[in-house]
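>>> Structural data only, the sequence is not supplied:
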């Protein structure tokens, strides 16, 4: 019965991105079920694959090769995830094989042999979740109870959620998951990092009870992660929280997808075909009719575009509730401050920030200090002519890894110490700091408050939480620990460093980082104070002061539409050798609305503030933008060109390599 298996082979070549038919022998007929892993002979070698379906006959006219082996009869690839993977590959001009590598974890045979019994949800637990819409946190939002009631009724309600400041968002996400489970449908929650996973995991445990959900993170180890993943695939649990790899979690009868802080670049997959969590979950919800919740303290232009299209509704609190919950935000260089202290404009830590910190510390409350850069002094320049200080060995940027009288500048690329450095432009031997990092900031602020403990959170060690007592917590964006009871003050230093980034999303990213830190301040009568070191009147700063991320997102979307940048349009980035980019473009039948931007030379170099002087470009980048309606046609055209590129063998030529990214997160 159904002697032909249609197999997705693990061969990531664009011109071979289609299923292939194999004959199922009588010996393998019982095990070769749709979704199982198999080994097949393909072009003379054995490769892995997945059975997509069993059919009566093949459309291929010649003789079929037999399946070589069924690796496991476990149906790890569900029909829903297979369809989603195909849709994601098509959207991003990628291959199904690449997407399936992201979607399905490696097999662990010992775990697979464990019991596959499916536990049924106890009736008392399910009944207890029917009152999820009465969750106190959601009562603060105008349409919050209606949103949860829709989930509990099994409807496909979709919202872009502007969360109120504070640490209650985890409980509110858990309430939404609980409502979805009460409606008989599962849920997938994706957050940026493992710290957020741990917080949502604890909230889900409190809301659902033990054993009702699983947390999936990369640090679990292969066996433990695969065991939890299998529990989801086998229907033992219906709720998942994890990082971006979990966006394909095989939850049955999925009723809700949640992405928290969708502007965080950790949601962008760095492996081909480079899908973004938000876009994948929106696509998944749309395909199967599930509810969706795109949330964060800030709002992205993509989230605003979902509202503008009518696909989702805004979920926000009334302005009077926002004003009572948000901390008071002050700009350290506004006109009133400058009148009393003209030097505040040039000071890195002006008097209003110092006074705010002292008041919070006097009340035995911690103070959060956000610094945009890690390290001590990551970038140095000549003190006389202000030219960038470069290494004489590799022309890399010089910086200081530590302070002190004996500190010697070192190269950030090759690590060579720059003893006896002299400027090649003016022969000066004096250096100045261009950017001050988190460690230098901790040292400086520690001298200003000598009796207060100073802790740092960043690349060298990220803290999850700190006690709610007097302390200075210096951190980089994204590494802010939660303080018990909230911070008495939040100082946002060097706002210009975030706003001045040469990137399309600079203002949006700056605002996201500021809101995330400011949201940790205390609220209510003992509310914390937020002081930002940036230019007053800048739209992003104004949005923070007003605590109005929706206004900023609307403005950002209008600006992008006027300039014809994503998400108002679809865009592709083609990067490679000049010959490769030219060949790819020559073979692509681009839509009529296509517009080429570039090419721009790209220098491949170690991380740093810029290419070394006189460096030769080894690659170039071309941007192709089309209307949103022509987005699928653009992806199909580039996919077809890549397939022809690969079929001719030029994809493996050093002179003709080119990669494609649809809707890249960085355009700058």
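Cool, the structure landed. Bear in mind the structure is a predicted one, so any value in this text is a computation, not a measurement.

>>> count of neighbours near the nearest residue to residue 365 once chain neighbours are set aside?
Among residues not flanking residue 365 along the chain, residue 488 sits closest, at 2.7 Å (Cβ to Cβ, 6 or more residues apart in numbering). C-beta here means a position set from N, CA and C on the backbone, and glycine is covered the same way. When neighbours are defined as other Cβ atoms under 10 Å, residue 488 has 27 of them.

>>> Please enumerate the helices of the stretch 1-150 of the chain.
79-91, 96-103, 109-112, 123-128, 136-139, 144-152 (DSSP state H, counting those that start in this stretch).

>>> Identify whichever of those lies nearest to residue 585.
Closest of the helices of the stretch 1-150 of the chain to residue 585 is helix 79-91, at 20.1 Å (criterion: Cβ to Cβ).

>>> any idea how far the residue nearest to residue 365 is from residue 330?
In this view, residue 488 and residue 330 are 14 Å apart by Cβ to Cβ, to the nearest Å.

>>> The residue nearest to residue 365 against residue 360, yeah?
Yes: Residue 488 is within contact range of residue 360, at 2.9 Å (criterion: Cβ atoms under 8 Å).

>>> what's the overlap in contacts for these two?
366, 367, 528, 529 (Cβ atoms under 8 Å, 6 or more residues apart in numbering).

>>> which ones are touching the second one?
Residue 367 is in contact with 357, 360, 361, 471, 472, 473, 487, 488, 489, 490, 491, counting by Cβ under 8 Å, 6+ apart.

>>> just the last one next, same as before
Neighbouring residues of residue 529 by Cβ under 8 Å, 6+ apart: 327, 328, 330, 356, 359, 360, 488, 489, 490, 521.

>>> how near is residue 260 to residue 249?
Counting by Cβ to Cβ, the gap from residue 260 to residue 249 is 15 Å.

>>> repeat for residue 351
Applying Cβ to Cβ to residue 351 and residue 249 gives a distance of 51 Å.

>>> okay, those two: which has more neighbours?
residue 249 (25 against 14).

>>> Can you tell me the closest non-neighbouring residue to that one?
Going by Cβ to Cβ, 6+ apart, residue 249 has residue 240 as its nearest residue, at 4.3 Å.

>>> Would you confirm that the one you found contacts residue 214?
Yes: at 5.9 Å, residue 240 and residue 214 qualify as touching, with contact defined as Cβ under 8 Å.

>>> Now list whatever residues contact both of those two.
residue 232.

>>> can you pull the pLDDT of residue 641?
As predicted, residue 641 sits at a pLDDT of 91.

>>> doesn't residue 588 make contact with it?
Yes: using Cβ under 8 Å, residue 641 makes contact with residue 588 at a distance of 3.8 Å.

>>> Longest strand in the protein, please.
For the chain, the longest strand by residue count, based on DSSP state E, is strand 45-55.

>>> which other helices and strands contact that one?
With contacts defined as 3 or more Cβ pairs under 8 Å, 6 or more residues apart in numbering; DSSP states H and E, the packing partners of strand 45-55 are strand 4-9, strand 37-42.

>>> Among these, which comes closest to residue 633?
When the helices and strands packed on strand 45-55 are compared (using Cβ to Cβ), the closest one is strand 4-9, at 24.3 Å.

>>> what distance separates that closest one from the centre of its chain?
Relative to the centre of its chain, strand 4-9 is centred 33 Å away, using Cα atoms, centre = their mean, to the nearest Å.

>>> Repeat that for stretch 576-593.
29 Å.

>>> tell me which residues in that stretch are buried?
576-585, 587-588, 590-591 (16 or more other Cβ atoms under 10 Å).

>>> Please apply the same query to stretch 217-235.
217, 220, 225-235.

>>> quick one: which of those residues sit in helices?
Counted as lying in helices by DSSP state H, out of those, are 225, 226, 227, 228, 229, 230, 231, 232, 233.

>>> Could you dump the helices of the stretch 1-150 of the chain into TSV and include mean pLDDT, mean neighbour count and distance to residue 209?
Putting the helices of the stretch 1-150 of the chain into TSV (pLDDT from 0 to 100; neighbours: other Cβ atoms under 10 Å; distance: least, Cβ to Cβ, whole Å) gives the following:
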stretch	mean pLDDT	mean neighbour count	distance to residue 209
helix 79-91	97	20	26
helix 96-103	96	23	29
helix 109-112	92	13	24
helix 123-128	38	12	6
helix 136-139	87	16	19
helix 144-152	96	22	17
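
>>> Does residue 358 lie in a helix or a strand, and which?
helix 351-362 (DSSP states H and E).

>>> by contact count, what packs against that helix?
Going by 3+ Cβ pairs under 8 Å, 6+ apart, helix 351-362 lies up against strand 366-370, strand 489-492, strand 529-532.

>>> Identify the residues contacting it?
Residues contacting helix 351-362 (Cβ under 8 Å, 6+ apart): 330, 332, 337, 341, 344, 366-367, 448-449, 452, 470, 472, 487-489, 491, 528-529, 531, 533.

>>> of those, buried ones?
330, 332, 337, 344, 366-367, 449, 452, 470, 472, 487-489, 491, 528-529, 531, 533.

>>> what angle sits between the helix or strand harbouring residue 258 and helix 79-91?
Residue 258 is part of strand 254-260, with elements assigned from DSSP H and E. In terms of direction (axes from the mean of the first three to the mean of the last three Cα atoms, to 10 degrees), strand 254-260 departs from helix 79-91 by 50 degrees.

>>> Any idea how far the helix or strand just after strand 254-260 is from the middle of the chain?
Heading C-terminal from strand 254-260, the first helix or strand you meet, by DSSP H and E, is helix 277-288. Relative to the chain's own centre, helix 277-288 is displaced by 15 Å; criterion: Cα atoms, centre = their mean.

>>> again with stretch 444-453
With Cα atoms, centre = their mean, you get 35 Å for stretch 444-453.

>>> How about it, which residues are buried there?
Quick answer for stretch 444-453 (16+ other Cβ under 10 Å): 445, 449, 452.

>>> Dump the ones in helices among the buried residues of stretch 217-235 into TSV; add pLDDT and distance to residue 33 as well.
As requested, these are exported to TSV (pLDDT from 0 to 100; distance: Cβ to Cβ, whole Å):
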residue	pLDDT	distance to residue 33
225	94	23
226	95	19
227	95	21
228	96	22
229	96	18
230	96	15
231	95	19
232	96	18
233	96	13
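
>>> from these, which is closest to residue 305?
Nearest to residue 305 among these, with distances taken as Cβ to Cβ, is residue 232, at 30.6 Å.

>>> what's near enough to touch the closest one?
214, 238, 240, 249, 250, 251.

>>> let's go with 7 Å and repeat that
Residues near residue 232 by Cβ atoms under 7 Å, 6 or more residues apart in numbering: 214, 240, 249, 250, 251.

>>> repeat for residue 137
Counting by Cβ under 7 Å, 6+ apart, residue 137 has contacts 168, 171, 172, 175.

>>> is it possible to export those to TSV including secondary structure, neighbour count and distance to residue 630?
Converted to TSV, the contacts of residue 137 look like this (DSSP: H, G, I helix; E, B strand; the rest coil; neighbours: other Cβ atoms under 10 Å; distance: Cβ to Cβ, whole Å):
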residue	secondary structure	neighbour count	distance to residue 630
168	coil	18	42
171	helix	20	43
172	helix	24	38
175	helix	27	40
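
>>> what's the closest of the residues you listed to residue 55?
Of these, the one sitting nearest to residue 55 (Cβ to Cβ) turns out to be residue 175, at 44.3 Å.

>>> And the residue nearest to residue 249, how close does it get to residue 218?
Taken as Cβ to Cβ, the span from residue 240 to residue 218 is 14 Å.

>>> Which residues are in contact with the closest residue to residue 665 other than its chain neighbours?
With Cβ to Cβ, 6+ apart as the criterion, residue 665 has its nearest non-adjacent residue at 4.8 Å, and that residue is residue 268. Applying Cβ under 7 Å, 6+ apart, we find residue 268 in contact with 274, 276, 665.
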